[in-house]
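**Q** Curious how this folds, go ahead:
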Amino acid sequence: MVNPFNKIKSNSFLAAIIYRYSASLFLQLTAFVVGMVVSKLLGPEMLGYWGLFHIVTNYYVFSNLGATNGLTRELGLLIGKNERGSIKNNIGAASAVHIILPGTAGVILIGYSFFLVSPLSWIFLFAGIVGFVQLYEETLIRITNAFEKHKTLAGISVFRSLISFLIVIPLVYFFDLQGRLMAALILAIIGLLVTYKYLPVPLSISFNKTHITNLISIGFPIALTGFLSASFFLVDRLVITRFLSIEDLGFYTFAFYLVTVVINIKSNVAGILYQRQNIIFGADGVISKQRLFEVSKSSALFTTDLTGVLSGLILIVFSFFVKYFMPEYLNSITITYIIVFSQVMGSINVFNTVGKHTHYLLIMAASLAINVALCIIFVNLWGIIGVAYATFLSFIFLNIVINFFNLKYFDLSYLQNFKLILRIIGVPLYCYVIAKGIEYFLFKNLTTHIWYDIGLMVFLICGYIFFMIPLFFLLKGHLKFLNQVKLEEQ
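**A** Just a heads-up that it's a prediction; the model follows:
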């Protein structure tokens, strides 16, 4: 196999964005369309059970992704230091960890499923299997991403999005909820096999004393942070499951189809820059602090601006689509608007890169406690809308705290810190106000003539784009800088 280090030069950020962002957009929009069809076929109650499956699998995967983030960090530092001999051992150790720990959790979920009645038994059975497969696939994706194989990952994303049309909709049509669970397993297995085929380095399973030491000193805080992050991201749905009905969870799950599109598209850009942060820090150490800050800042602003513009555009089309073709989910529109723009904000986050794992852990613990308290209070006051507002406030709080403490690491003054945080929060709110205003005007003037209404929507979208022109100029500046961030030839 060709030594992947001979290929690590520096793909420009622009090239990485073209491959990963466009492929991710295609994948997520495809998944969104499939999700809309599935929602129509299942109805709110069965969709609620599918949402419960998502809770279990996401908890499983997110909780174990902490170790994967640790793997990504270590790979980046080793690449930056050009320590080629340590790469294979590092990957081998991570492979062992991702078989032993998640494998045990998967067996527990599968065993638990035999004590439940349908459809819960199906949900936990498939969650144990699908979660393990998805987690290992994500580990291989992180390894591939570490070596800047963006074109390969983009191809895998497009391939998966195309076959989802062929698998998901027919299975749901004939087998309802069980069909959707079977489709999730089939897609996860296909994704794992394809990603493994194009892995840039040989994969082995190994363990030694050094790996165990690193797992305890580095991996444990990161893994625990991953568990708290999983809890933070799923508090809203857990609260709905506990205090409201399975049908309410169905409405919330429907809203999260679009929220997931925004989160995953944003994370693709963030993932590219996260790995470059690690490589920069691994190569230069503390002397790279200023360079690390500039890359982190531009990355956060770029992801915020680009995702903000795109989110407003998608939300307008989404609202029109639901209003016309899926009125049974009309209540989900408000929930979607509230949550989406809390996910748009980017973060200047170098905690893992610079080794401040404990700081990140404490922030996530405090944020989780606040999120739980807000969700419980708000769900009793305003029901499902209250949960959405609690989630919105919790994400804004988390983003502010993460940015504040990371900016303090870079020795910024309180005024500089405040201005930058305000800038990150301001763009999503600006996009939200414009998109919500256009949605209000669109709904107020809808008729029963679909072609007239489509024309009106297109006209209003042009108006939205006009208001986004200032952000396009900002995006151009960020992209110009990030395109100059190259990895040195090893």
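
**Q** Return the distance of residue 45 relative to residue 253.
**A** From residue 45 over to residue 253 the distance is 11 Å, taken as Cβ to Cβ, to the nearest Å. (C-beta placed from N, C-alpha, C; glycine too.)

**Q** Sorry, wrong one. I was asking about residue 482.
**A** From residue 482 to residue 253 the distance is 35 Å (Cβ to Cβ).

**Q** in the stretch 101-250 of the chain, which spans are helices?
**A** Listed from the start of the chain, the stretch 101-250 of the chain has helices (DSSP state H, counting those that start in this stretch) covering 120-146, 150-197, 209-214, 220-243, 246-284.

**Q** Which of these has the lowest mean pLDDT?
**A** Averaging pLDDT over each of the helices of the stretch 101-250 of the chain singles out helix 209-214 as the lowest, with a mean of 59.

**Q** give me the low-pLDDT residue ranges for the protein?
**A** Scanning the chain with the threshold set as pLDDT under 70 gives 1-17, 20-21, 59-105, 146, 148, 201-223, 268-288, 352-353, 355, 483-490.

**Q** picking that back up, just put the helices of the stretch 101-250 of the chain in JSON lines and tack on distance to residue 447 and mean neighbour count.
**A** Formatted as JSON lines, the helices of the stretch 101-250 of the chain follow (distance: least, Cβ to Cβ, whole Å; neighbours: other Cβ atoms under 10 Å):
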{"stretch": "helix 120-146", "distance to residue 447": "42", "mean neighbour count": "22"}
{"stretch": "helix 150-197", "distance to residue 447": "31", "mean neighbour count": "18"}
{"stretch": "helix 209-214", "distance to residue 447": "64", "mean neighbour count": "13"}
{"stretch": "helix 220-243", "distance to residue 447": "35", "mean neighbour count": "21"}
{"stretch": "helix 246-284", "distance to residue 447": "25", "mean neighbour count": "22"}
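
**Q** Export those helices to JSON lines and append columns for distance to residue 354.
**A** Below are these laid out as JSON lines (distance: least, Cβ to Cβ, whole Å):
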{"stretch": "helix 120-146", "distance to residue 354": "18"}
{"stretch": "helix 150-197", "distance to residue 354": "25"}
{"stretch": "helix 209-214", "distance to residue 354": "17"}
{"stretch": "helix 220-243", "distance to residue 354": "13"}
{"stretch": "helix 246-284", "distance to residue 354": "6"}
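
**Q** so which of those helices comes closest to residue 27?
**A** Each of the helices of the stretch 101-250 of the chain has some distance to residue 27 by Cβ to Cβ; the shortest is helix 150-197, at 4.2 Å.

**Q** between the closest one and helix 120-146, what angle do the directions make?
**A** Counting by axes from the mean of the first three to the mean of the last three Cα atoms, to 10 degrees, helix 150-197 points 130 degrees away from the direction of helix 120-146.

**Q** what about helix 150-197, distance to the chain center?
**A** For helix 150-197, the separation from the chain centroid amounts to 18 Å (computed by Cα atoms, centre = their mean, to the nearest Å).

**Q** tell me what that helix is packed against?
**A** Based on contacts counted as 3 or more Cβ pairs under 8 Å, 6 or more residues apart in numbering; DSSP states H and E, the elements that helix 150-197 packs against are helix 13-81, helix 120-146.

**Q** CA atoms only for stretch 348-364 - export them in PDB, please.
**A** This file holds the C-alpha atoms of stretch 348-364, laid out as PDB (Å, rounded to 0.1, in the frame of the first residue of the first chain):
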ATOM      1  CA  ILE A 348     -13.800  28.600  18.500                       C
ATOM      2  CA  ASN A 349     -12.900  25.400  20.200                       C
ATOM      3  CA  VAL A 350      -9.300  24.200  20.700                       C
ATOM      4  CA  PHE A 351      -9.800  22.500  24.100                       C
ATOM      5  CA  ASN A 352      -9.000  19.000  22.700                       C
ATOM      6  CA  THR A 353      -6.300  20.200  20.400                       C
ATOM      7  CA  VAL A 354      -4.200  22.000  23.200                       C
ATOM      8  CA  GLY A 355      -4.900  19.300  25.800                       C
ATOM      9  CA  LYS A 356      -7.400  21.100  28.000                       C
ATOM     10  CA  HIS A 357      -9.700  18.100  28.200                       C
ATOM     11  CA  THR A 358     -10.800  18.800  31.800                       C
ATOM     12  CA  HIS A 359     -11.900  22.300  30.900                       C
ATOM     13  CA  TYR A 360     -14.200  21.000  28.200                       C
ATOM     14  CA  LEU A 361     -15.500  18.300  30.500                       C
ATOM     15  CA  LEU A 362     -16.500  20.800  33.200                       C
ATOM     16  CA  ILE A 363     -18.200  23.100  30.700                       C
ATOM     17  CA  MET A 364     -20.200  20.200  29.300                       C
END
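
**Q** in that stretch, what counts as buried?
**A** Counting neighbours by 16 or more other Cβ atoms under 10 Å, one finds that the buried residues in stretch 348-364 are 348-354, 357, 359-361, 363-364.

**Q** again, but for stretch 309-317
**A** Buried residues in stretch 309-317 (16+ other Cβ under 10 Å): 309-316.

**Q** Residue 395: how many residues sit nearby?
**A** Using other Cβ atoms under 10 Å, residue 395 has 20 other residues around it.

**Q** Can you name the residues that contact it?
**A** When the contact criterion is Cβ atoms under 8 Å, 6 or more residues apart in numbering, the partners of residue 395 are 342-343, 345.

**Q** Out of those residues, grab the one that's most surrounded.
**A** Comparing the contacts of residue 395 on neighbour count, residue 345 comes out first with 26 neighbours (neighbours: other Cβ under 10 Å).

**Q** Which residue is the nearest non-sequential neighbour of that residue?
**A** Counting by Cβ to Cβ, 6 or more residues apart in numbering, the nearest residue to residue 345 once its immediate chain neighbours are dropped is residue 399, at 4.7 Å.
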